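> sequence isn't available, so here's the structure alone:
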C-alpha cells in the first residue's frame, strides 16, 4: 500500500523550481514519505521536462540536472518505483469514464492517475489540479489539494 500518491505536476515541482515547489517539499517533509513513482508518472515527468526544454523554460544543462536528480531520488529511496500492469490501469480507467468524466469533465491522464492511485491502494491522492481533485473525490479517494 502507498500512503499517498502525487500527481506528476507536483512530482515535477520537486526537481524544477516552480510556484508551489516549496509547498510540495513541505508536505512531503512533514509526512516523511517517499514519492510513489509508477511508470505513468515517470513517462509524464520525462515528457514534461522535454516540453519545458522545447518551450525554452529550461536549458539542456538544466534538463540533465533534473534527470540526474531523478536518478538520485530513486537511488536514495525518495522516489519509490511502483510496478503495475498497464492493462489493469487502462481497464480501471475505462470503468471510471462513464461516471467520472460525465460528472467532472476530467481528462484521460487525470483518470489514469486516479486509477493508478487506486490500484496502489493509496490513502491520499495529492494534486494541484481542481478538476482532477473533483474526479478523485468522485472515485472515492481522499484528496489533498496543494495550491
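Ah, there it is. The shown structure was predicted, so the numbers you read here are calculated from the model rather than taken from an experiment. Numbers count the residues shown, from 1 in each chain.

> which residues does the residue nearest to residue 127 when sequence neighbours are not counted contact?
Closest residue in space to residue 127, ignoring its immediate chain neighbours: residue 7 at 4.2 Å, by Cβ to Cβ, 6 or more residues apart in numbering. The C-beta positions use only the backbone N, C-alpha and C, and glycine is treated the same way. Each residue near residue 7 by Cβ atoms under 8 Å, 6 or more residues apart in numbering is listed here: 113, 125-129, 132.

> how far away is residue 7 from residue 104?
15 Å (Cβ to Cβ, to the nearest Å).

> just to revisit the earlier point, a markdown table for the contacts of residue 7, including secondary structure, neighbour count and pLDDT?
Conversion of the contacts of residue 7 to a markdown table gives the following (DSSP: H, G, I helix; E, B strand; the rest coil; neighbours: other Cβ atoms under 10 Å; pLDDT from 0 to 100):
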| residue | secondary structure | neighbour count | pLDDT |
| --- | --- | --- | --- |
| 113 | helix | 29 | 97 |
| 125 | strand | 27 | 97 |
| 126 | strand | 26 | 97 |
| 127 | strand | 27 | 97 |
| 128 | coil | 19 | 95 |
| 129 | coil | 19 | 95 |
| 132 | helix | 23 | 96 |
